[in-house]
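Q: Sequence first, then the predicted structure:
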Amino acid sequence: MGLYALYIGRLYAIHGTNANFGIGLRVSHGCVRLRNDDIKFLFENVPVGTRVQFIDEPVKATTEPDGSRYIEVHNPLSTTEAQFQGGEIVPITLTQPVQAVTSQSDVDQNVVEQAIQNRSGYAGASELSCACQVKRRA
């Protein structure tokens with residue numbers, strides 16, 4: 001479990017691990033595994049009693065103040081044994097707020113489709129607008 005753990009109630013914890021394969025994956029029944037440096041930072045900087053909220057949104061999209069748009073796609077939680085065992089791909093549905101960002105005319109739909117296919121969990125690699133995008137100026 002590592003040197004640091006933040007307990008959420010009596011049953012669950014956010015903790016470090018020496019098994020990098022488990023970070024960001026559903027490998028236990030509730031605990032959240034982080035890299036050791038990340039949990040150390042949280043442990044030292046998050047006050048006891050801070051509200052914790054887990055968000056189950058496999059697809060998130062945003063428009064930044066400069067007009068850049070990003071999409072972040074994670075593999076959704078499995079709902080069947082076949083999905084959990086990896087033999088079946090979990091379908092992804094885009095919510096209305098995500099569609100509002102991804103359906104804009106200057107969004108590169110190939111980037112959207114690639115992000116959905118890859119499900120990397122990283123937003124930085126999935127800038128949606130084409131290279132010719134005009135940035136907003138203040």
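A: Arrived safely, thanks for sending.
Q: At which residues are the helices of this structure located?
A: 36-45, 81-84, 96-102, 109-118 (DSSP state H).
Q: Mind telling me which of the ones you listed the model trusts least?
A: Mean pLDDT across the helices of the chain is lowest at helix 81-84; the value there is a mean of 76.
Q: Pull out the buried residues from that helix.
A: Gln83 (16 or more other Cβ atoms under 10 Å). From N, CA and C alone the C-beta is placed, and that goes for glycine too.
Q: Now do that helix: distance to the chain's middle.
A: 20 Å (Cα atoms, centre = their mean, to the nearest Å).
Q: State the pLDDT value of Thr63.
A: For Thr63, pLDDT reads 87.
Q: How about Thr93?
A: Reported pLDDT for Thr93: 88.
Q: ok, now Gln133?
A: 34.
Q: Tell me if I'm right that Ser78 and Ile89 touch.
A: No: Ser78 is beyond contact range of Ile89, at 10.1 Å (criterion: Cβ atoms under 8 Å).
Q: can you tell me how far the most centrally placed residue in the chain sits from Phe21?
A: Nearest residue to the geometric centre of the chain (Cα atoms, centre = their mean): Gly121, 4.6 Å. Distance of Gly121 to Phe21, computed by Cβ to Cβ, to the nearest Å: 14 Å.
Q: same thing with Ile71?
A: In terms of Cβ to Cβ, Ile71 sits 25 Å off from Phe21.
Q: Between those two, point out the one with more neighbours.
A: Ile71 (23 against 9; other Cβ atoms under 10 Å).
Q: Enumerate every residue touching the more buried one.
A: 59-61, 98, 101-102, 111-112, 115, 123, 126, 128 (Cβ atoms under 8 Å, 6 or more residues apart in numbering).
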